[in-house]
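J.: here's a sequence, model it:
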Amino acid sequence: MINMEAFTPTKIKLKGKDILLLLLYFSPEGMIGATRLMKAMFLFEQEIKKDFQADIESFPEFMAWRFGPWSEQVPDDIEFFKGISFISSESFPQNGEFFMAEREEFDRWEKELLDAPVSDIQESELQDFHEPEKIFLTVVGKRFIEANLLSRLSENQTKILTEFKEKIASLSLFSILSYIYRKYSKGKVDWTRKSEIKADIIRD
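T.: Numbering: from 1, shown residues only. Presented below is the predicted three-dimensional model:
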């Protein structure tokens, strides 16, 4: 009797943090804005994960929130990787209502999820934390990925990440939000049900 399991490729094991690093690796120019990275992680789970053929543990848990799908783990992971010098960021001027939405989203994370009383947070600290930024891998982060993750990816997985990155990078933040709000307000879970900017995004 033929053992079919012997012909079944073994899925690589990854963690949610690995996916975040890989998304940044395949975006060598960096990713503009933490909200874009947040939504990229959400879309990866919803649309890419099933075809990625990997066992992914500890992927960020998303919930419907004031500005659509949100996970507190993503900003935590960003800060963690900054702390170990895997990623860095630089100021990137942005204007418009959706930068303000991003700022409010991260205000909420700092004030509520970290349980920090508003009165205890200095305005200057909030201003520093919420400067619009481009997030990118450092040389240390790139070397870690190349030594520990990249060689484990199949050709198809590399293709999937490359195409996904190109799609995310080519769209404005408004276009990404509009896509999510239109597609994921239907079905078993309405990921936009608690949003305060839904009317601004879906205008027709």
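
J.: return the helix or strand in this protein with minimum mean pLDDT.
T.: Ranked by mean pLDDT, DSSP states H and E, the helix or strand of the chain with the weakest confidence is helix 123-129, at a mean of 38.

J.: what's in contact with the very next helix or strand once past it?
T.: If you walk from helix 123-129 toward the C-terminus, the next helix or strand you reach (DSSP states H and E) is strand 133-137. Residues from elsewhere that reach strand 133-137, judged by CB atoms under 8 Å, 6 or more residues apart in numbering: 21, 24-25, 27-34, 37, 78, 86-92, 145. Using the backbone N, CA and C atoms, a C-beta is placed for each residue, glycine as well.

J.: could you work out the end-to-end span of stretch 150-161 for me?
T.: In stretch 150-161, first residue to last residue: 11 Å (CA to CA, to the nearest Å).

J.: pLDDT of that stretch, averaged?
T.: When pLDDT is averaged over stretch 150-161, the result is 96.

J.: quick one: buried residues of that stretch?
T.: By neighbour count, with 16 or more other CB atoms under 10 Å as the criterion, the buried positions of stretch 150-161 are 153, 157, 160-161.

J.: now for those: which two are most distant?
T.: Checked with CB to CB, these reach their widest spread between 153 and 160, with 9.1 Å between them.

J.: the contacts of strand 133-137 in helices, which ones?
T.: When DSSP state H is applied, the contacts of strand 133-137 are split such that 21, 24-25, 34, 37, 78, 145 fall in helices.

J.: from these, which one has the minimum pLDDT?
T.: The member of the ones in helices among the contacts of strand 133-137 with the lowest pLDDT is residue 34, at 86.

J.: roughly how far does that one sit from residue 14?
T.: When distance is defined by CB to CB, to the nearest Å, residue 34 is 21 Å away from residue 14.

J.: same question, residue 189
T.: Counting by CB to CB, the gap from residue 189 to residue 14 is 24 Å.

J.: the more surrounded of these two?
T.: Under the neighbour definition other CB atoms under 10 Å, residue 189 and residue 14 were set side by side, and residue 14 has more, 21 against 14.

J.: secondary structure class for the more buried one?
T.: The three-state label given to residue 14 by DSSP: H, G, I helix; E, B strand; the rest coil is strand.

J.: chain center to the longest helix along the chain: distance?
T.: Looking across the chain with DSSP H, the single longest helix is helix 155-170. A distance of 14 Å separates the C-alpha centroid of helix 155-170 from that of its chain, computed with CA atoms, centre = their mean, to the nearest Å.

J.: elements contacting the helix or strand following that helix?
T.: Sequence order places helix 173-183 as the next helix or strand after helix 155-170, per DSSP H and E. Using 3 or more CB pairs under 8 Å, 6 or more residues apart in numbering; DSSP states H and E as the contact criterion, the elements in contact with helix 173-183 are helix 34-43, strand 68-70, helix 97-108, helix 198-201.

J.: what pLDDT, on average, does the shortest one get?
T.: In this case it means strand 68-70. Per-residue pLDDT values across strand 68-70 average out to 92.

J.: hang on, residue 65 in a strand?
T.: Yes. Inclusion of residue 65 in a strand is indicated when three-state DSSP is applied.
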